[in-house]
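1. Give me a 3D structure for the following:
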Amino acid sequence: MGVTDPAGPVMDRDEVDRALARLGAEHEAIETSLLALQDHAGRRLLEGAELTGITKERWSAAEASITLLWAYFDAYTDALRSAREIRSRRRWSSHDDLVELTELLRGESVTIADSATATANAPTLMVNSGRLSRQFSLAGLVEVMNDLYASSLDMVVAADAVWSALPARIDLLAAELQRTRKLAHSVGVRPGEHPAGDDLERITRVLTSLREQVVSDPLAYWLPAQGSSAPGGGRPDTTIYDREARALEEVRREIDAVLTVRQDAEQRLVKLRDVLSRADRTLAEARTARGEVLAKIAATEVPVVSGPATQLQEQLATAAEYRRHAQWHRLSPLLESLEQKAEDELLRARESLTAVTAPLAVRAELRGRLDAYKAKVARHGLAEDPFLIERYDAARRMLWSAPCDLRVAGQAVLRYQQAAAEALAARVPGQGGPQDRREPGA
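-> Modelled structure (predicted):
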């Protein structure tokens with residue numbers, strides 16, 4: 001059985017020239033890519049940074065891969081140079097030249113000596129122990145270099161993308177944080193005295209720690225794109241940054257609320273005093289009215305009127321004290337609470353006055369109804385009817401006496417209304433006068 005040539009059939013001159021042109025173009029492309037990687041800003045930053053964590057591990061492997069990549073490229077360059085030299089010996093290559101070129105261009109003609117340092121950090125390219133070298137074809141060597149380049153570039157681009165995005169954004173947020181802290185301090189929002197002050201301290205600690213971690217371990221904040229094989233496919237992980245940015249915005253809104261309080265505190269305090277004063281006056285009026293009701297109205301339940309809201313007055317005095325000492329962070333929530341309580345107190349005072357004066361309102365309504373029916377009777381010429389006069393006088397005495405029994409007075413008014421209605425219904429035009437409607441024994 002004969003031995004099969006691993007390089008395959010002998011290439012002719014045209015095939016050799018086409019292969020050399022293709023390999024030359026690949027050589028230029030690889031060289032351009034390697035030089036670009038060598039000058040990449042991310043690679044230079046990685047070389048000078050004090051790395052930690054996953055970035056330190058991956059950069060150690062990438063450095064070894066880049067070293068190995070240049071070694072492979074040098075071997076590829078030497079092989080391509082040798083092939084070009086053989087082809088340039090004569091215009092029409094001999095059969096022996098073509099055999100040698102076929103072996104060089106298609107066979108595993110490139111020998112790479114093992115490098116323990118490089119291969120230890122490039123597991124996919126490790127050789128079996130005991131081997132001192134490894135054989136590659138030019139096409140196989142290009143494939144290996146492409147893989148090494150892609151993995152190294154992916155690591156460099158990812159680290160550079162995180163460094164380009166996060167530290168600058170963190171610095172901007174930290175600057176905004178410092179301005180907010182100064183503003184917070186000016187209005188009394190300090191750690192240990194106000195929750196927003198505690199939040200500012202926490203955000204400061206988190207941002208300081210985040211920046212240190214991003215600088216030393218950028219790949220810990222990289223999210224690779226799902227299903228993407230392109231180097232650098234992904235985006236920086238801004239989860240922590242975004243959370244702290246939202247927290248700072250909430251603190252800023254809280255401080256804005258405190259600033260608003262500082263600007264209109266006096267106006268709000270004046271309004272509060274006015275509302276509480278109106279509530280006190282209404283309660284005083286209700287207490288006076290209750291005494292009048294008890295004196296003028298008999299046999300009725302009159303609700304008790306409470307005293308002024310001394311607790312709200314004390315809180316109002318505390319609010320004024322906060323304003324005098326520029327304790328805006330304490331004044332803000334107190335004013336909001338007091339404004340609602342003051343409105344509730346005024347409403348309660350009005351309801352109390354309404355409840356207390358209800359019997360007087362009933363008496364006034366009965367008086368008005370009695371006079372209205374008297375006027376109606378007079379318009380119909382019954383003003384001198386003795387029976388109606390008697391019923392009217394009885395109701396009037398009850399309504400204008402003190403104390404007035406509203407139940408009895410209401411019945412008297414009703415009797416007068418009924419008598420007036422009957423008289424008006426019984427009146428017939430042309431008769432000399434009303435009929436006698438006195439009850440027997442009246």
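2. Could you check how many residues crowd around the closest residue to residue 218 other than its chain neighbours?
-> Nearest residue to residue 218, sequence neighbours excluded (CB to CB, 6 or more residues apart in numbering): residue 162, at 3.7 Å. C-beta coordinates here come from the backbone N, C-alpha and C atoms, glycine included. Residues lying near residue 162 (other CB atoms under 10 Å) number 26.
3. and residue 162, what helix or strand is that in?
-> helix 138-186 (DSSP states H and E).
4. same question, residue 342
-> Going by DSSP H and E, residue 342 is in helix 328-379.
5. helix or strand right after that helix?
-> Remark: after helix 328-379, the chain's next helix or strand is helix 386-399, criterion DSSP H and E.
6. Now that following helix: buried residues?
-> 387, 388, 391, 392, 395, 396, 398, 399 (16 or more other CB atoms under 10 Å).
7. TSV for those, including pLDDT and distance to residue 142?
-> Below are these laid out as TSV (pLDDT from 0 to 100; distance: CB to CB, whole Å):
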residue	pLDDT	distance to residue 142
387	86	130
388	85	126
391	87	125
392	87	124
395	86	120
396	89	122
398	84	120
399	84	117
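8. Rebuild the residues you listed as CSV, extending it with distance to residue 179.
-> Below are the buried residues of helix 386-399 laid out as CSV (distance: CB to CB, whole Å):
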residue, distance to residue 179
387, 91
388, 87
391, 85
392, 82
395, 79
396, 79
398, 78
399, 74
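9. Could you single out the nearest of those residues to residue 362?
-> residue 399 (10.4 Å; CB to CB).
10. Can you verify my assumption that the closest one contacts residue 409?
-> Yes - in terms of CB atoms under 8 Å, residue 399 counts as a neighbour of residue 409; the distance is 5.0 Å.
11. Give me the common contacts of the two.
-> 363, 366 (CB atoms under 8 Å, 6 or more residues apart in numbering).
12. where does the stretch 201-350 of the chain dip in pLDDT?
-> 227-230, 299-300 (pLDDT under 70).
13. Tell me the buried residues in stretch 148-168?
-> For stretch 148-168, burial by neighbour count (16+ other CB under 10 Å) applies to 148-163, 165-166.
14. Then stretch 344-356?
-> Taking 16+ other CB under 10 Å as the criterion, stretch 344-356 shows 345, 346, 349, 350, 352, 353, 356 as buried.
15. Reformat those as JSON lines; add distance to residue 296.
-> Listed next are the buried residues of stretch 344-356 as JSON lines, based on distance: CB to CB, whole Å:
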{"residue": "345", "distance to residue 296": "28"}
{"residue": "346", "distance to residue 296": "27"}
{"residue": "349", "distance to residue 296": "22"}
{"residue": "350", "distance to residue 296": "22"}
{"residue": "352", "distance to residue 296": "19"}
{"residue": "353", "distance to residue 296": "16"}
{"residue": "356", "distance to residue 296": "12"}
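16. now, among these, which is nearest to residue 72?
-> Using CB to CB, these come closest to residue 72 at residue 345, 86.9 Å.
17. check contacts around that closest one.
-> Residues in contact with residue 345, defined by CB under 8 Å, 6+ apart, are 275, 276, 279, 309, 312.
18. Please apply the same query to residue 16.
-> By CB under 8 Å, 6+ apart, the neighbours of residue 16 are 87, 93, 98, 101, 102, 105.
19. could you redo the last one with a cut-off of 6 Å?
-> Applying CB atoms under 6 Å, 6 or more residues apart in numbering to residue 16 gives the contacts residue 101.
20. what secondary structure does residue 285 sit in?
-> With DSSP: H, G, I helix; E, B strand; the rest coil as the basis, residue 285 sits in helix.
21. Next, count neighbours for residue 339.
-> Residue 339: 14 neighbours (other CB under 10 Å).
22. same question, residue 309
-> Residue 309 has 21 nearby residues by other CB under 10 Å.
23. give me the low-pLDDT residue ranges for the stretch 51-200 of the chain?
-> For the stretch 51-200 of the chain, the stretches with pLDDT under 70 are 93-94, 114-133.
24. which other residues reach stretch 263-273?
-> Residues contacting stretch 263-273 (CB under 6 Å, 6+ apart): 316, 323, 335, 338, 342.
25. Need these in CSV (columns: neighbour count).
-> Formatted as CSV, those follow (neighbours: other CB atoms under 10 Å):
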residue, neighbour count
316, 21
323, 20
335, 23
338, 22
342, 23
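26. how many degrees apart are the helix or strand containing residue 244 and helix 138-186 in direction?
-> Per DSSP H and E: residue 244 is located in helix 239-296. Angle, helix 239-296 to helix 138-186, by axes from the mean of the first three to the mean of the last three CA atoms, to 10 degrees: 30 degrees.
27. other SSEs contacting the helix holding residue 162?
-> Helix 138-186 sits against helix 13-39, helix 41-48, helix 53-87, helix 195-216, strand 234-236, helix 239-296, with contacts defined as 3 or more CB pairs under 6 Å, 6 or more residues apart in numbering; DSSP states H and E.
28. Enumerate the positions of the fifth one that are buried.
-> Within strand 234-236, the residues that qualify as buried by neighbour count (16+ other CB under 10 Å) are 234, 236.
29. Over to residue 233: give its phi and psi.
-> Here is the backbone geometry of residue 233 (degrees, to the nearest 10): phi -70, psi 120.
30. Can you tell me, leaving aside adjacent residues, what's nearest to it?
-> residue 225 (4.0 Å).
31. What is the burial count for the one you found?
-> With other CB under 10 Å as criterion, residue 225 counts 11.
32. Distance of it relative to residue 33?
-> 21 Å (CB to CB, to the nearest Å).
33. again, but for residue 362
-> 101 Å.
34. Next: residue 100.
-> Using CB to CB, we find residue 100 at a distance of 30 Å from residue 33.
35. again, but for residue 315
-> As for residue 315, its distance to residue 33 is 74 Å (criterion: CB to CB).
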